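A.B. asks: Sequence and predicted structure are below.
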Amino acid sequence: MNRENRWLVFLALPFVLLMSSSIFGQAVQKASFSGYKGVTIGMQMGEARSKLGDAKEKSDAEDYYVYGENETLQVLWAPDKTVRVLSINYIGKNAPSPAEILGTAAEAKQDGSINKIVRYPKLGYWISYLKTGGDDPMTIITVQKMQPGEQ
């Protein structure tokens, strides 16, 4: 390689690295939050129930768990008996941050409330982070399996 070609490669390298990181960053999509207590979207009912413990209410459509007075979980089952939705509810300030759940910050409104959804089509689900304002906020984190054609 002659000197001119090396110079062109040197100038082009930052552009190539920038483009490859943005292309590959989109191709290898990863959520920060992948499940709750080891339970993930698509997991079989029996396995999920064994990881979550005793449900306060249980049916073939949904289960409801209470993990103290400030944390609850609702699991919705798909017809094939797999996890379709995880909805985790926190009362107070003990909830994980949007960055811990979504992998990115979410801007709070003036009243302290937050509402953000991130879709992960390559992973087949979306995550919603909803927090009310006030001194004793409620935070609802919902992870839901995408339906065919949903983007």
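C.D. replies: Everything's here; your move. Numbers count the residues shown, from 1 in each chain.
A.B. asks: Tell me which helix or strand the most centrally placed residue in the chain sits in.
C.D. replies: Central residue of the chain (CA atoms, centre = their mean): Ile127, 4.0 Å from the mean position. Applying DSSP states H and E as the criterion places Ile127 in strand 125-131.
A.B. asks: who touches that strand?
C.D. replies: Counting contacts by CB atoms under 8 Å, 6 or more residues apart in numbering, the residues outside strand 125-131 that touch it are 31, 33, 41, 95, 98, 101-102, 106, 108, 112-120, 137-146. All C-beta spots, glycine's among them, are computed from the backbone N, C-alpha and C.
A.B. asks: Assign a three-state SS to Ala48, would you?
C.D. replies: Remark: Ala48 carries the secondary structure label helix [criterion: DSSP: H, G, I helix; E, B strand; the rest coil].
A.B. asks: Go ahead and confirm it touches Arg84.
C.D. replies: No - distance between Ala48 and Arg84: 10.8 Å, which falls outside the contact criterion (CB atoms under 8 Å).
A.B. asks: The two: which is more packed in?
C.D. replies: Ala48 (23 against 20; other CB atoms under 10 Å).
A.B. asks: Name the nearest residue to the more buried one, ignoring sequence neighbours.
C.D. replies: Val39 (4.6 Å; CB to CB, 6 or more residues apart in numbering).
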